[in-house]
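Participant: Give me coordinates for this.
(2 chains)
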Amino acid sequence: SQELEQSPQSLIVQEGKNLTINCTSSKTLYGLYWYKQKYGEGLIFLMMLQKGGEEKSHEKITAKLDEKKQQSSLHITASQPSHAGIYLCGADMGPGHLGGADGLTFGKGTHLIIQP
Amino acid sequence: DGGITQSPKYLFRKEGQNVTLSCEQNLNHDAMYWYRQDPGQGLRLIYYSQIVNDFQKGDIAEGYSVSREKKESFPLTVTSAQKNPTAFYLCASSIHLGQKDGYTFGSGTRLTVV
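Facilitator: Below is the predicted model of the structure:
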């Protein structure tokens, strides 16, 4: 079963509109990471959240982690064409996961298209 | 500038061939990772390495092999045993396992079986 669920899978938004992407886990997370990927390229780190209730912003992007540390949202205000791409959440699921690797588990991604 | 370099950007493999994907970092990171990305699947961990001369299998290691002879380098070999190798491969590194301040990713290699 998928341990990290992202929604929606894809999103088409008119330029200038706001949007929200969600990332949900059935387990309490030790850390939550948001990345952006342009098609056919590597992932660019956006933000990291570790504390329950934490919120971080960078330019027009705001990420929040709920108090239970099981759900995170990524909110983009006044979207622009440069925001288009794939947004992925990655989670630190804690000790013992992935054989003790401490590696990140990733969601399937959200494809964001900005319509002019 | 520090970063991770993956090469080649595009790679074509014939049936039955082994191919090696290169990943080099000059960030002085201890930990390195290989992920595979398929449409609609997200990223899946193939192998990871905590330090030089040590590596561990991830979720989908079958048909792949790695080496970590130098801190800077973590090449991935896709062997003929990998039945469906066509995918986008991403290499990443972090300061060390347990240091959770994010991964740095390379720009990826797209492998296609012809």
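
Participant: Partner strands of the least confident helix or strand in chain A by mean pLDDT, with direction?
Facilitator: Ranked by mean pLDDT, DSSP states H and E, the weakest helix or strand in chain A is strand A:104-106, scoring a mean of 84. Strand pairing for strand A:104-106, determined by DSSP bridges: strand A:85-92 (antiparallel).

Participant: How about residues contacting the partner strand?
Facilitator: When contacts are defined by C-beta atoms under 8 Å, 6 or more residues apart in numbering or on different chains, strand A:85-92 is touched by residues A:3-4, A:6, A:21, A:23, A:25, A:29-39, A:43, A:72, A:74, A:102, A:104-112, B:42-43, B:100, B:103. The way it works is simple: take the backbone N, C-alpha and C, and place the C-beta from them, glycine included.

Participant: Tell me which helix or strand the residue positioned nearest the centre of chain B sits in.
Facilitator: Centrality entry for chain B: nearest residue to the mean C-alpha point is residue B:34, 2.9 Å, by C-alpha atoms, centre = their mean. Assigned by DSSP states H and E, residue B:34 belongs to strand B:31-38.

Participant: returning to that earlier point: just the buried residues of the contacts of strand A:85-92.
Facilitator: Neighbour-count burial (16 or more other C-beta atoms under 10 Å in any protein chain shown) applied to the contacts of strand A:85-92 gives A:4, A:6, A:21, A:23, A:25, A:29, A:31-37, A:43, A:72, A:74, A:102, A:104-112, B:42-43, B:100, B:103.

Participant: Flag every residue of chain A that's near chain B.
Facilitator: Residues of chain A lying close to chain B (C-beta under 8 Å from any C-beta of the partner chain) are A:6, A:9, A:30-31, A:33, A:35, A:40-45, A:48, A:50, A:88, A:90, A:92, A:98-99, A:101-104, A:106-109.

Participant: Tell me, how many residues neighbour the closest residue to the residue nearest to the centre of chain B other than its chain neighbours?
Facilitator: Nearest non-adjacent residue to residue B:34, counting by C-beta to C-beta, 6 or more residues apart in numbering or on different chains: residue B:46, 4.4 Å away. Number of residues near residue B:46 (other C-beta atoms under 10 Å in any protein chain shown) recorded here: 26.

Participant: While we're on residue B:46, how confident is the model there?
Facilitator: With respect to pLDDT, residue B:46 scores 93.

Participant: wait, what's in contact with it?
Facilitator: B:34-36, B:58-61, B:64, B:66, B:76, B:89.

Participant: make it 6 Å
Facilitator: For residue B:46, the contact set (C-beta atoms under 6 Å, 6 or more residues apart in numbering or on different chains) comprises B:34, B:36, B:58, B:60-61, B:64.

Participant: repeat for residue A:116
Facilitator: residue A:15.

Participant: and residue 82, how many neighbours does it have?
Facilitator: Looking at chain A here, since you left the chain open. Neighbours around residue A:82, by other C-beta under 10 Å: 10.

Participant: Chain B was what I was after
Facilitator: Residue B:82 has 23 neighbours, counted by other C-beta under 10 Å.
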